[in-house]
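Visitor: Predicted structure and sequence below. I'll ask about it afterward.
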Amino acid sequence: MNAELSPIVAGAWRMAEWGWTPTERLRWIEQNIELGITSFDHADIYGGYSVEGLFGEALALAPKLRHKIQLVSKCGIRLVSPARLGNLVKHYDTSAAHVRASVEHSLRALRTDHLDVLLIHRPDALMDVDALSTTFDLLRAEGKVLHFGVSNFTPAQLAPLHRRCPLVTNQIELSPLHRQPLHDGTLDQCQDLGLRPMIWSPLAGGRIFGDDAADAQRVRQVLTELQRETGAGWVTLLIAWLLRHPSRPLPVIGTRRVEMAREAMAALQLNLDAQQWYRLWQAGAGHEVP
Ligand SMILES: NC(=O)c1ccc[n+]([C@@H]2O[C@H](COP(=O)([O-])OP(=O)(O)OC[C@H]3O[C@@H](n4cnc5c(N)ncnc54)[C@H](OP(=O)(O)O)[C@@H]3O)[C@@H](O)[C@H]2O)c1
């Protein structure tokens with residue numbers, strides 16, 4: 001079973017910071033769709049529980065677009081927030097009551113009758129896998145959520161849930177500045193189970209472009225060399241670095257700019273060879289492979 005998501009996904013996490021009108025937000029959605037980026041990544045908590053509503057308000061200006069897009073959202077983190085006065089301490093909650101309430105809220109805010117994919121945002125120490133898989137089954141039977149996945153789970157945390165309810169993804173952080181999932185079994189498990197990982201902060205949240213840290217400087221140096229060799233821009237190269245992995249990752253980009261999204265999509269046409277790939281790995285790590 002697989003969720004049909006676009007090869008690059010647009011992340012809405014930062015949308016509240018953009019300060020846009022509903023029309024400007026709709027333009028962003030439309031421009032992404034025009035590029036072939038038809039899947040949008042959300043979470044209940046983004047923008048202090050406001051982003052799903054901002055997106056839904058824009059979508060309401062062109063409701064027919066719902067049939068052209070896929071909506072991914074997450075739940076399971078409870079923030080201390082003026083929008084949720086009952087949360088006295090930041091915590092995780094994967095109880096049936098919370099997951100169901102969060103889904104209902106996401107559906108209302110996004111102005112849709114279903115989510116294409118629902119992810120558990122972070123591993124919850126109190127997660128009851130039997131109860132959670134029953135909740136997933138009920139939400140699927142009701143047509144409210146088509147597919148389920150997790151985010152930031154270790155292989156050991158993912159496996160028991162996947163055995164009870166087939167998952168479609170683990171959304172994880174990966175970039176030349178954050179290589180851990182390449183080596184801790186996370187991506188090996190994705191290949192083994194046939195789950196396409198979704199990749200958050202594929203450009204290290206923008207840190208690669210301006211940060212003074214030594215790792216970012218080394219990565220910029222190699223990007224400059226690779227740009228000379230391939231003619232591709234930095235964003236294209238960084239996304240191509242992710243797409244090169246055999247687990248067939250789905251990068252979730254966070255840009256507000258259509259030019260950057262276009263650069264990301266160009267990566268679908270660029271195949272880095274193993275030496276180019278390892279040069280970026282080495283730049284991030286600061287040493288050659290053992
Ligand atoms: N599951 C999780 O736990 C989790 C955690 C974090 C994020 N996410 C998801 O992943 C998505 C992407 O995360 P992200 O926003 O950190 O991704 P990202 O694509 O790594 O970073 C986006 C940031 O980089 C900047 N940027 C892009 N191209 C640039 C360039 N050429 N020069 C300078 N800056 C550039 C963008 O600014 P501009 O807008 O100005 O281009 C934006 O601020 C989020 O929207 C969210 O959906 C999930």
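Guide: Nice, I can see it.

Visitor: thought T169 was touching L250?
Guide: Yes - applying Cβ atoms under 8 Å, one finds T169 in contact with L250, separated by 7.4 Å. Glycine gets a C-beta too; all of them are placed from N, C-alpha and C.

Visitor: shared neighbours, those two?
Guide: R196, P197, M198 (Cβ atoms under 8 Å, 6 or more residues apart in numbering).

Visitor: can you pull the buried residues of the helix ranked longest in the chain?
Guide: Across the chain, the helix with the greatest residue count (assigned by DSSP state H) is helix 214-230. Buried residues in helix 214-230, counting neighbours by 16 or more other Cβ atoms under 10 Å, are found at D215, A216, R218, V219, R220, V222, L223, L226.

Visitor: OK, contacts around K68?
Guide: Residues near K68 by Cβ under 8 Å, 6+ apart: I33, T38.

Visitor: Let me see the ranges of the strands in the chain.
Guide: Along the chain, counting by DSSP state E, strands occupy 9-11, 39-41, 70-75, 77-78, 91-92, 115-120, 145-151, 170-173, 198-200, 250-253.

Visitor: mind checking which of those strands is nearest the ligand?
Guide: strand 9-11 (2.1 Å; Cβ to the nearest ligand atom).

Visitor: Direction included, what does that closest one pair against?
Guide: strand 39-41 (parallel), strand 250-253 (parallel) (DSSP bridges).

Visitor: Export the longest one to CSV, keeping only CA atoms.
Guide: Below are the C-alpha coordinates for strand 250-253, written out as CSV (Å, rounded to 0.1, in the frame of the first residue of the first chain):
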residue,chain,number,x,y,z
LEU,A,250,10.4,12.4,-0.7
PRO,A,251,12.1,15.7,0.3
VAL,A,252,9.8,18.2,2.1
ILE,A,253,11.0,21.7,1.2
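
Visitor: quick one on the thing from earlier: ok, of the buried residues of helix 214-230, which one's closest to G19?
Guide: Distance ranking of the buried residues of helix 214-230 against G19, using Cβ to Cβ, places A216 first at 27.1 Å.

Visitor: And the closest one, how far from H287?
Guide: 16 Å (Cβ to Cβ, to the nearest Å).

Visitor: This protein against the ligand: which residues are in contact?
Guide: 11-14, 41, 151-152, 171, 200-206, 209, 235, 252-257, 260 (Cβ under 6 Å from any ligand atom).

Visitor: Which among the residues you listed count as buried?
Guide: Buried among the residues of the chain next to the ligand by 16+ other Cβ under 10 Å: 11-13, 41, 151-152, 171, 200-205, 235, 252-255, 260.

Visitor: what's near enough to touch G284?
Guide: S175, P176, L177, H178, R179, D215, R218, V219.

Visitor: one more time with 7 Å
Guide: P176, L177, R179, D215, V219 (Cβ atoms under 7 Å, 6 or more residues apart in numbering).

Visitor: Which two of those have the greatest separation?
Guide: So, the contacts of G284 by Cβ to Cβ: farthest apart are R179 and V219, at 11.2 Å.

Visitor: okay, the buried residues of helix 214-230 in TSV with pLDDT next?
Guide: Converted to TSV, the buried residues of helix 214-230 look like this (pLDDT from 0 to 100):
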residue	pLDDT
D215	98
A216	98
R218	98
V219	98
R220	98
V222	98
L223	98
L226	98
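
Visitor: Quick one: the helices in the chain, in order.
Guide: 15-18, 22-35, 46-49, 51-59, 96-110, 129-141, 155-164, 180-183, 186-193, 207-210, 214-230, 234-243, 258-265, 274-285.
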